[in-house]
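Q: Build me a model:
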Amino acid sequence: MRSGALTLINTNFTNNTAAGGSGGSGGYYGDGSDGSGLGGGLFILQGLTTVSSVGSPTFSGNSATDDDGTETNNDDFFGNISIVPANVTLAVSSVGVLENGTTNLVYTFTRTGPTTNALTVNYSITGTADATDYTGATPGTGKTITFAAGSATATLTIDPTADTTIEANETVALTLTTGTGYVIGTTAAVTGTITNDDFPTLSINDITVVEGKDASAFLTVSLSEPINQTVSVNYTITAINATAGSDYTTTSGTLTLAPNSTFVTISIPILNDDINESLEAFTVALSNPVNAKLSSNTNDSIGEVNISDTWYSGLTSTLPNGVENLTLIGVNAINGTGNSGNNILTGNSASNTLNGSTGVDTLIGGFGNDIYQVDSTTDIITENAGEGIDTIQSSVTYTIASLANIENLTLTGSSFINGAGNSANNILTGNSANNTLDGSTGVDTLIGGFGNDIYQVDSTTDIITENAGEGIDTIQSSVTYTIASLVNIENLTLTGSSVINGTGNAANNSLTGNTANNTLNGSDGNDTLNGGAGNDTLIGGNGNDYADYYSSTASVTVNLAMGTANDGLGGTDTLSQIENVQGSNTAGDNLTGDANNNTFYGYGSNDTLNGGDGNDTLIGGTGNDSLIGGNGTDTAYYYLVTGAVTANLATGIASDGEGGTDTLSQIENIQGSNTAGDNLTGNTGVNVLYGYGGADILTGGGGNDLLSLGSDTFKDTVNYASGDGVDTVYNFVRGVGGDILKFTSIAAIDVQVSGTSTLFKVGDGISGNTGFGTGALLLTTSATTGFVAADVNVNLLGATFAFS
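A: Below you'll find the model as predicted:
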């Protein structure tokens, strides 16, 4: 009998007897029907032929003597009879497969032991994959698989379902669970992996950088979706028309995106120059991605870098140094300013202000009511038709004649500059200085502002705007024009060669004709009318008016009494309500007055000035002039000369202070130089002598004269002789160093205090006219302080007497 365990295979047992089978040294029961026992328990493998009434009897007293399977005695078994189940194991082939389904996960169930009968084994499916990720089974518990009779293996095929979802790798885990007729040989879960083959897509953007503004080009490499794996990709740079080393610094390398990252940045240095160039470009290409893929559209994996000299901005911007151009984008009203370079500034569709700053700039406004600020006539303005009402603001003289689509021009700054319009209806606005505004054709509005401005008009529909106190302004008109309603315009000049007329307003106007026959009407005010060439009609109107022939190059002959004039230019003028005449500056004139108080200017050369009736003022100017006062109280006027004037009304001769010798006739008064010391002598009539500036000598002569010394620091001398009239001295400066009263042939001097006045009386000693005698009073000083009768001493009749 055997002393070890006996394993019976394919043996039927009835009432603890074994029939058939064979034994072996491996511990199996030996000979057929031999009932020899076993010293241990009897083990019957699960799955054998039916075992009936297998209990747990106890056998004793039996023994096995060898292991050769031959047992001759019929001893009973001793020990326990036990049933041994099948051993089931589990494995998976291709531990990882792609989810595209070309390869499947095959799970193999293997049983160890008899395979005669079918065997059903329990298992469960878990893992991160779900029913949408594969076919062949579904996740969950209570799953079964059956071994076919005679088969030692059973298989389960998991077929991955292809999709386009970018996801993590997914697992399918099978775990054996307990059941009948087997034991679990593989206790741990057996896991297969469905490897994701839908990688996120890498892409790279295009970018435009502004040379001089952007130090680097920053390109973003983007991942279409995050992934829980590290992604890497290579990049290289290839030039299109940019030059490495001049336009950019080339580079290459590998980019890495950490798990769950979606982008990484490449920085490529951009190099600046001072050349205004067209667009330059290079590309950055991606290659060899890991855990990601490149788009089937190659444009997505190649980024293009455009190097521009233009900055595109949606905000009000000023170009930094080194950037040539600025383009405004968007729809907001924003502005752009250039730098010291030659810039191109481009507006957007709104109203923009473009200021090129210094340099030769190109300004392109586009749509909207744009303002162009320029500082040079070399700046280039581009404005198309229908793109708004646009204005140029210029700090230099500017014309928009060739800019047909510019409507308005405004002069800026404080320099004397001018502006000209075009054929459109323009608005021209001056600055604070003297400007000339020419609207050209069209119905223009001209606004001069401060300064002495000139408005050039070609139509009475042109609108002039000039406020009070904004200078002495002139309209130059090529059509008949009146400034009657333009109360703040002082002057009107007719231009061209057409027969046109001009009318002034209530101010003191200067009206000037053209080369044709003009009628100039000064209207109210003290006006100056210059007809120019042609047969002109000059109507002074109310006020004290001048006919002006100063610019005539030949002799002028004027007779106000007759109302005619030879203008020195070949024309014959008709004069009406003219009181004064200015003769030629270069030729000798013959000017004759009327019954009014006339003022005549001879200016250059030898002139004959005849005042006629009235109280006239005659100004000979340079040259040897003949000044004839005529009836009335007339004045020879030398106030403006710079040299000393010597004039003697008694002899009728005057040295005019400018090298000429004048002849004076019927002249009562003299006005000397304002700056030099004059020697003025009256005649026997009543004279008024004005010394003005300088050390003057005034001698009234006979007649009751008025002598004005001038309020200055020079020592003036008044000569008074016996027999002179009662003279009055004005602007006398008393005291040491003051003015001098010089008396000749005076026999008696008396001083009398009368109230607040001191009376200083001189007499010639003639009987009845000594001291305070009954004779005529020859000289009186009134309102003189600091001089009383007690101041008269025995030396009073000496050579010099001074007030103190």
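
Q: before we move on, which element is residue 396 in?
A: Per DSSP states H and E, residue 396 falls between elements, in no helix or strand.

Q: That one and residue 379 touch, don't they?
A: No - if you go by C-beta atoms under 8 Å, residue 396 and residue 379 don't touch, sitting 9.3 Å apart. C-beta coordinates here come from the backbone N, C-alpha and C atoms, glycine included.

Q: And those two? Which one has more around it.
A: A direct count of neighbours by other C-beta atoms under 10 Å for residue 396 and residue 379 places residue 379 higher, at 23 against 17.

Q: wait, what's in contact with the more buried one?
A: Residues near residue 379 by C-beta atoms under 8 Å, 6 or more residues apart in numbering: 356, 360, 361, 362, 363, 372.

Q: repeat that for 7 Å
A: Each residue near residue 379 by C-beta atoms under 7 Å, 6 or more residues apart in numbering is listed here: 356, 360, 361, 363.

Q: Mind picking the two most distant members of those?
A: Pairwise distances across the contacts of residue 379 peak at 11.1 Å for 360 and 363 (criterion: C-beta to C-beta).

Q: So, low pLDDT: which residues of the protein?
A: 1-83, 735-736, 746-804 (pLDDT under 70).

Q: about what we covered before: comparing residue 360 and residue 363, which shows the higher neighbour count?
A: Between residue 360 and residue 363, counting by other C-beta under 10 Å, residue 363 is the more crowded of the two (27 against 13).

Q: circling back to that earlier point, for the contacts of residue 379, give me a markdown table that also has secondary structure and distance to residue 89.
A: Formatted as a markdown table, those follow (DSSP: H, G, I helix; E, B strand; the rest coil; distance: C-beta to C-beta, whole Å):
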| residue | secondary structure | distance to residue 89 |
| --- | --- | --- |
| 356 | coil | 87 |
| 360 | coil | 90 |
| 361 | coil | 87 |
| 363 | strand | 87 |
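
Q: Tell me the one among those residues nearest to residue 274.
A: For these, the closest approach to residue 274 (C-beta to C-beta) belongs to residue 360, at 14.0 Å.

Q: any idea how far residue 671 is from residue 526?
A: Plainly put, residue 526 is 20 Å away from residue 671 if you go by C-beta to C-beta, to the nearest Å.

Q: right, I mislabeled it, should have said residue 215
A: Distance, residue 215 to residue 671, using C-beta to C-beta: 78 Å.

Q: quick one, which of the two is more surrounded?
A: A direct count of neighbours by other C-beta under 10 Å for residue 215 and residue 671 places residue 671 higher, at 23 against 12.

Q: right, and residue 132 touches residue 161 too?
A: Yes - counting by C-beta atoms under 7 Å, residue 161 is a contact partner of residue 132 at 6.4 Å.

Q: Looking at the two, which has the bigger crowd around it?
A: Under the criterion of other C-beta under 10 Å, the comparison of residue 132 against residue 161 puts residue 161 first, with 15 against 9.

Q: what sits against the more buried one?
A: 101, 132, 133, 134, 135.

Q: PyMOL command to pick out the buried ones of those?
A: Restricted to buried positions by 16 or more other C-beta atoms under 10 Å, the PyMOL selection for those reads:
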select buried, resi 133+134
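
Q: What lies in contact with stretch 236-250?
A: Contact partners of stretch 236-250, identified using C-beta under 7 Å, 6+ apart, comprise 251-252, 268-271, 280-285, 307.

Q: Doesn't residue 299 belong to a strand?
A: No - judged by DSSP: H, G, I helix; E, B strand; the rest coil, residue 299 forms no part of a strand; its state is helix.

Q: any idea how far residue 221 is from it?
A: Distance, residue 299 to residue 221, by C-beta to C-beta: 14 Å.

Q: just residue 550 next, same as before
A: Relative to residue 221, residue 550 is positioned 84 Å away (C-beta to C-beta).

Q: Please identify which of those two sits among more neighbours.
A: Counted by other C-beta under 10 Å, residue 550 and residue 221 do not tie: residue 221 has more neighbours, with 24 against 16.

Q: Three-state assignment for the more buried one, please.
A: Recorded secondary structure, residue 221: strand (three-state DSSP).

Q: show me the contacts for it.
A: By C-beta under 7 Å, 6+ apart, the contact set of residue 221 is 202, 204, 233, 255, 263, 264, 266, 286.

Q: Tabulate the CA atom coordinates of stretch 684-704 in CSV.
A: Provided in CSV are the C-alpha atoms of stretch 684-704 (Å, rounded to 0.1, in the frame of the first residue of the first chain):
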residue,chain,number,x,y,z
THR,A,684,5.7,190.0,-40.2
GLY,A,685,2.5,188.0,-40.1
VAL,A,686,1.1,185.7,-37.4
ASN,A,687,3.3,182.6,-37.5
VAL,A,688,3.3,179.2,-35.7
LEU,A,689,6.8,177.7,-35.4
TYR,A,690,7.3,174.2,-34.1
GLY,A,691,10.9,173.2,-33.1
TYR,A,692,10.1,169.7,-31.9
GLY,A,693,13.3,167.7,-31.1
GLY,A,694,16.8,169.0,-31.1
ALA,A,695,18.3,172.4,-30.0
ASP,A,696,16.0,174.7,-32.0
ILE,A,697,16.2,178.5,-32.6
LEU,A,698,12.9,180.1,-33.1
THR,A,699,12.4,183.7,-34.1
GLY,A,700,8.9,184.9,-34.5
GLY,A,701,9.5,188.2,-36.1
GLY,A,702,6.7,190.7,-36.4
GLY,A,703,3.2,189.5,-35.6
ASN,A,704,1.8,187.8,-32.6
